[in-house]
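[1] Attaching a predicted model along with its sequence, questions to come.
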Amino acid sequence: MPASHPTPSPLRVVLASGSRWRRSLLRDTGVQCVAIESRLDEHSYTEPDPVLRARGLALAKARLVARSEPSSVVIGADQVAHMDGEVFGKPADADDHFARLRAMRGRSHALVTGVAVIAPDNERVFHETSIIWMRADVTDAELAAYVRSGEGAGCAAGYQAEHLGAQLIERVEGDWFNVIGLPIYRLVTVLRELGWRPDALGGAP
């Protein structure tokens, strides 16, 4: 009879975010987690480089939550949109939202997601970039209607690609999951390297 081995305790995964989209994305792809908002003041972080900004904010969020979750695997993430050297935050108001969508119409922009994964004895930081081409044939009236829907007001680029915002997009290059909030393929690789396994596939090895 093969020797029995104790089953490792499952790793508790904590998402350092209040984003319901990221939480749903993790759970839908088999990463069961709890969400704890970091409450980081993002406006105090002034790094102009989009990649460094996304990575830095992700790490800061993860570290804040990891202080109270020292035995968990904590995931922090931040997404930055940029075009022509300008970094976009979430739209300030409806006028800013409309102006941004209008500026992106018929052009491409980048979405960079920084991710930090902090385990009890390890820390990983990485980023993923996707390029999005927006449709040129979307009218001002359609953009105004989208702004009124309120759908993309809380998003870095001002749209939700997985919902009505898909009507504004011509094509995407890169990880689709990254566009909607988290680069799942690479994140799962990092989690597995840290010893995590999904409950749906049998749990810890």
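    Ah, there it is. Numbers count the residues shown, from 1 in each chain.

[2] for the chain, which spans come out with low pLDDT?
    1-10, 200, 202-205 (pLDDT under 70).

[3] quick one: the helices in it?
    20-28, 50-66, 94-104, 140-149, 176-179, 184-193 (DSSP state H).

[4] Quick check: the gap between the most centrally placed residue in the chain and Arg20.
    By C-alpha atoms, centre = their mean, the chain has its centre lying nearest to Gly181, at 3.1 Å. Gly181 sits 10 Å away from Arg20, taking C-beta to C-beta, to the nearest Å as the criterion. The C-beta positions use only the backbone N, C-alpha and C, and glycine is treated the same way.

[5] From Cys155, how far off is the nearest residue to Leu26 once chain neighbours are set aside?
    In this structure, Leu26 finds its nearest non-sequential neighbour in Cys33, 5.2 Å apart by C-beta to C-beta, 6 or more residues apart in numbering. Going from Cys33 to Cys155 by C-beta to C-beta gives 21 Å.

[6] Neighbour count: those two, which is higher?
    Per other C-beta atoms under 10 Å, whichever of Cys33 and Cys155 has more neighbours is Cys155, with 22 against 18.

[7] Would you confirm that that one contacts Lys90?
    Yes: at 6.7 Å, Cys155 and Lys90 qualify as touching, with contact defined as C-beta atoms under 8 Å.

[8] distance of Phe140 from Gly158?
    Check again: residue 140 is Asp, not Phe. Counting by C-beta to C-beta, the gap from Asp140 to Gly158 is 15 Å.
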